[in-house]
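> Task: produce atomic coordinates for the following.
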Amino acid sequence: PPAGVTFEYQWITDTIDPNSGQPIYFPIDTVSAGKPRMDTSQSLTIDSSLISFVNGEARVYLTIYDGFCNDTSRTIFLFMDSIPATVVRNRTWDKGVLLPINVNSDICMKDDSLILSSSYTASNIKYQWQRSLNGSSWANLPSANNPTVNGTMRTLNVDTSYKPKPTPTITYYRLVTSTVTPFTNDVVCSFTSDSVRIRWLPDYRVEVAPGQPQVTFIAPDTVNFCETDSAIVRGPASPDPFVLPYKYGWLKDTVNALNQTVQIPTGPNDTLRNVTVRKSGKYYVTFDDGICIDTSRAVYVYVDTIPQTNLVSVPFAGIPPKVDPFDRCLYDSVQISVTDTVRPGWDYQWQRFVETVGWIDLVNDTNPAIVVDTSYTPLEDTTLYRVVINYTNRFGIPGCEYISDAVEVRWYDLPQITFFPSDSVGLCFGETVRVVAEGNALSYRWADGPLGASRVFDNVGTYTLIAKGVNDCEKEYEVDIYDITINANAGPDQTINSNQSATLTASGGVTYRWYASEPLDFNDFLSQSIQVSKILPDSVASDTITIYVEATGADGCQDTDSLLLIILNPRNKDNLLNLENAYNLFTPNADGVNDRWDIRRIVDDYGGCDIMVLNRWGSVRYEEENFSGLWDGNDQGGNPLPDGTYYYILSCDDQVILKSAVTIIRNE
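Model (predicted):
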């Protein structure tokens, strides 16, 4: 005011009379030192405690008095906006499905986008989305990527364009909501929402820890090892172990009572990052960092069994088993077999232990069984054998080696014997010989029945002696009993005159002894060649004497032969038969020449002649009464007689008139 003038102020507001609809004016009271007073200050701080706002509107006036004049200002319109308090809501995607609206401060971002929205809606509202990587330093999202700056949109589609590189552990989002004036869009009231923590689902994988040579990788998610081994499967590491440490839970597939595949915990230590697996199966890990909870894809574990087996002796058909099947004789063999012979994928390699080298592979012995004999160990009496088995699994990978316990095969020598006098003994006709076995055998038996080491033989042949020694080992020995043949030959039959000498020469032996069927003069009985003679009385026309020779060979065996000595008495001419009419050889070979023996010129001089033909041993081969003088060389049964010299006696009128020899030659 001008100098010397003092203004007095009074602030006034109004309200509308509900009955008349006219304004009612009243001063604005303030509070000072706890006491109400009229507000007469030049300036006034107004809030809803001083005046009443109806639908967010109120009117105030200022009355000024300078001691002379009193005036009231024009109406001052007051508009009071409410604080646009908001809560950030979210809708997440799960496998392509948009889930219902949710309100939480921690969100796991499992899909490529997320819808954030404000819970506050009103006109003249401005939205500003902000992002922070640490929760303290905030930056407005650019308008180009923020469709809410037009004042009508209150949502934010957070997609991969908002995903920083590299992906942080957590990204914070919040919304600043502001009311603006209708005409100038000036901000009146602002509200900043609580922040929302977005956890981008990390890129992770479950892997088998490196540095495990016993583990074979079939594929990145598939491993294979033997049942005696194990594998360490490792879950993802916590990106920020201090802010969001992972909690792990390992699971594996199993089948329940309903034959359904379910997942169960793996067992002790299944909450650690690493788990040791020892059995086949599908393994998973769940991890929880306080925001995101997820289950990994499966790791497939295939555990191969060790091809464990035992070695046994398989007896051969028809051969009785021994007390200890691995105690064998030198001529034996033993079949060693594994007890599991039909397992697919098992590869066998048999080995033998050599003292100077160790275990060596037996070439080509790759079957479930092996037949062992002394050809493997010709110079060893005890040998160790074993089998190495490798399992080739379904992936074609060999492994899981198993080495069996060794078996000891013991070889026993065969009994050794000799024979007295020898294993080859000659046997004289009609005699016996004794042979005795001597050696280290425990028992003896002959293949044709007799028992014992000593045996008397009376027949020629080959005889087998079975000698049994230690470990019932048997060896066969042969004894040859052969025939010692002495073929005594007294020489041809001879015809001499009475008082003449005949020289007889034998063969076939070493020593000889001569004798005759009737008295005869011998110049020597024991020589190979001797002379004999006899003087017939004048009344005797002839005589036939059988002379024998006994030949003894070098082995002491003997044989006897004989000849006929025909003695004629030329002094008895009346009874002397003309031998020129008695042929002594014919050839019955059907060639038409000399096929029959013909003595008809002799027979015709007599009546009623009989003939008897004998072999050299005195057996009658042919007989005929009323002999015609013709004979075809056949025996009594009509069978051809073999080549040789035969003896005949011709009797006529009941008197022997001729004794002599005839020879058959067929040349067949």
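> ranges for the strands of the stretch 151-300 of the chain?
For the stretch 151-300 of the chain, strands defined by DSSP state E, counting those that start in this stretch occupy the ranges 155-159, 171-180, 187-192, 196-200, 207-208, 216-219, 222-226, 231-234, 247-255, 261-265, 274-277, 281-288, 293-295, 299-304.
> Tabulate the ones you listed (CSV), appending mean neighbour count and mean pLDDT.
Quick note: C-beta positions are derived from backbone N, CA and C, even for glycine. Putting these into CSV (neighbours: other C-beta atoms under 10 Å; pLDDT from 0 to 100) gives the following:
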stretch, mean neighbour count, mean pLDDT
strand 155-159, 19, 79
strand 171-180, 21, 88
strand 187-192, 15, 88
strand 196-200, 21, 85
strand 207-208, 18, 83
strand 216-219, 13, 87
strand 222-226, 20, 91
strand 231-234, 20, 90
strand 247-255, 17, 86
strand 261-265, 12, 74
strand 274-277, 18, 89
strand 281-288, 20, 88
strand 293-295, 14, 84
strand 299-304, 20, 91
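> now those as a markdown table including distance to Gln655?
Formatted as a markdown table, these follow (distance: least, C-beta to C-beta, whole Å):
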| stretch | distance to Gln655 |
| --- | --- |
| strand 155-159 | 156 |
| strand 171-180 | 159 |
| strand 187-192 | 175 |
| strand 196-200 | 153 |
| strand 207-208 | 129 |
| strand 216-219 | 119 |
| strand 222-226 | 115 |
| strand 231-234 | 126 |
| strand 247-255 | 124 |
| strand 261-265 | 127 |
| strand 274-277 | 127 |
| strand 281-288 | 125 |
| strand 293-295 | 139 |
| strand 299-304 | 114 |
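> pretty sure Asp538 contacts Ser498?
No - in this structure Asp538 lies outside contact range of Ser498 using C-beta atoms under 8 Å: 9.1 Å.
> who's more crowded, these two?
Taking neighbours as other C-beta atoms under 10 Å, Asp538 and Ser498 compare with Ser498 leading, 20 against 9.
> Give the closest residue to the more buried one in space, chain neighbours not counted.
Leu536 (4.0 Å; C-beta to C-beta, 6 or more residues apart in numbering).
> so where does that neighbour fall, helix or strand?
Using DSSP states H and E, Leu536 sits within no helix or strand.
> Show the model's pLDDT score for it.
Listed pLDDT for Leu536 reads 85.
> neighbours around it, how many?
18.
> tell me the phi and psi of it?
The phi/psi pair for Leu536 (degrees, to the nearest 10) reads phi -90, psi 150.
> which residues touch it?
By C-beta atoms under 8 Å, 6 or more residues apart in numbering, the contact set of Leu536 is 498, 542-543, 567, 569.
> who wins for proximity to Phe326 among the strands of the stretch 151-300 of the chain?
For Phe326, the closest of the strands of the stretch 151-300 of the chain is strand 222-226, at 30.2 Å, according to C-beta to C-beta.
> Low-confidence regions, the stretch 401-550 of the chain specifically.
Where the stretch 401-550 of the chain drops to pLDDT under 70, the residues are 539.
> Start from the N-terminal end of this structure and give the helices.
For the chain, applying DSSP state H gives helices covering 600-603.
> So it: which segments form each domain?
8-79, 88-200, 207-304, 311-412, 417-483, 494-568, 584-664 (automatic domain parsing).
> got TSV for these, with distance to Pro2 too?
Shown next, in TSV, are those (distance: least, C-beta to C-beta, whole Å):
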stretch	distance to Pro2
domain 8-79	9
domain 88-200	36
domain 207-304	69
domain 311-412	108
domain 417-483	150
domain 494-568	187
domain 584-664	194
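> What about the contacts of Leu536, which are in strands?
Counting by DSSP state E, the part of the contacts of Leu536 found in strands is 542-543, 567.
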